[in-house]
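Q: Prediction below, plus the sequence it came from.
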Amino acid sequence: MIDRRTFLAGTGAVLLTAPLAAEGQQLSRIAVIGVLNPGRVNVGSPVLTAFRQGLRELGWVDGQNIRLEQRYAEWKPERLPGLAAELVRLRPHVIFTWTQPAAVAAKQATDEIPIVVGAATDLVAMGVAESFARPGGNLTGMSMLGSEAEAKRLQLLKEGVPSVSRVALLVDPALSSEKDYPTAFADAARQLGVHLLRFDAQNPTDIERVMSVVRQARADALLMVDSAMFNTIQKRITELALQYRLPAISRSTGFAQAGGLFQYGENPGEMARRAAVYVDKILKGAKPADLPIEQPTKFELVINLKTAKALGLTIPPSLLGRADELIQ
């Protein structure tokens with residue numbers, strides 16, 4: 001005979017553990033991936049599209065065995081901390097994000113939930129990872145090059161337009177990785193015989209004034225440092241650069257298509273696909289602390305020949321031959 005107290009205690013244990021067991025079985029089928037998106041709702045986003053494709057190739061299909069919980073900051077960095085906290089409250093299995101501000105917001109929101117960064121400038125220098133080989137903590141992913149890449153862009157700008165001597169460096173001061181620009185690649189500028197002039201743009205509405213100051217400073221070319229804020233207005237930036245007859249270069253995806261003369265940098269789609277591999281490993285039990293941070297090995301050069309013609313420039317054949325894409 002089982003006394004009433006023992007029976008109730010046993011029944012309570014069953015009632016408490018059964019839902020947890022059921023939940024565990026459900027989560028083994030449906031993995032929740034939080035997506036902290038710094039941009040706008042865009043089903044055609046190259047980063048998110050590549051990320052989904054990468055997951056699909058690894059057997060993870062949204063709506064079948066994974067569910068993507070997406071939050072969009074509308075290119076307003078100040079919204080990222082709140083959105084990151086919102087995602088954390090959902091307790092996803094992993095959070096995927098990209099850009100420096102989003103990576104920092106996600107890291108500040110949780111020290112427990114794994115975070116995979118699709119692309120951000122030097123995660124180690126940002127202080128969110130201990131080292132590239134062993135990031136430690138709960139964050140890993142893809143880290144873009146910083147000042148080294150900007151130095152290479154400066155070199156390409158000089159190679160494409162040899163007459164350039166005064167280059168305006170357009171910087172988003174909200175990005176901590178760029179606080180040392182242009183001193184971080186001053187040596188490269190000296191070797192090229194180029195004088196760098198830094199100009200900070202605080203917000204999108206500031207760009208008209210800043211570009212007017214660039215013109216007054218007699219800059220003869222523009223290097224736009226990649227930033228989420230600049231991405232929202234890159235079309236206007238390239239229009240002003242053309243109006244002021246400034247050959248311009250940037251890493252920013254779509255910069256050449258928007259009218260910039262040169263675009264050189266990492267392939268964001270490829271980096272997102274690599275991030276999907278990291279998410280796959282984490283969902284299968286790997287720890288972010290043990291997954292080395294990767295840096296890109298492939299870079300793409302896009303040249304807008306229509307812009308070159310409008311500026312009266314002839315791009316050297318040696319540079320044209322190295323381009324991955326020529327916009328006619």
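A: Thanks, I have the structure now. Every value quoted in this text rests on a predicted model; they were computed, and no experiment measured them.

Q: Nearest spatial neighbour of residue 169, chain-adjacent residues omitted?
A: residue 198 (4.8 Å; Cβ to Cβ, 6 or more residues apart in numbering). In short, each C-beta sits where N, CA and C put it, glycine included.

Q: what's near enough to touch that neighbour?
A: Going by Cβ atoms under 8 Å, 6 or more residues apart in numbering, residue 198 touches 169, 171, 181-182.

Q: element containing it, please.
A: Assigned by DSSP states H and E, residue 198 falls within strand 195-200.

Q: okay, that strand in CSV with CA atoms only?
A: Included here for strand 195-200 are C-alpha records, laid out as CSV according to Å, rounded to 0.1, in the frame of the first residue of the first chain:
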residue,chain,number,x,y,z
HIS,A,195,47.6,62.8,-47.1
LEU,A,196,44.6,61.6,-45.1
LEU,A,197,41.9,63.9,-43.8
ARG,A,198,39.4,62.5,-41.3
PHE,A,199,35.8,63.7,-41.4
ASP,A,200,33.2,62.3,-38.9
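
Q: partners of that strand, with directions?
A: Strand 195-200 sits in its sheet next to strand 166-171 (parallel), going by DSSP bridges.

Q: Not counting the strand it pairs with itself, show me its contacts.
A: By Cβ under 8 Å, 6+ apart, the surrounding residues in contact with strand 166-171 are 154, 157, 178, 181-182, 189, 194-201, 210, 214, 217-225, 230, 237, 246.

Q: returning to that earlier point: what about the strand holding residue 198, distance to the chain center?
A: Relative to its parent chain, strand 195-200 has a centroid offset of 23 Å by Cα atoms, centre = their mean, to the nearest Å.

Q: what does stretch 174-188 give?
A: How far stretch 174-188 lies from its chain's middle: 18 Å, per Cα atoms, centre = their mean.

Q: State the mean pLDDT of it.
A: In this model, stretch 174-188 has a mean pLDDT of 77.

Q: Then stretch 121-130?
A: Across stretch 121-130, the average pLDDT comes to 78.
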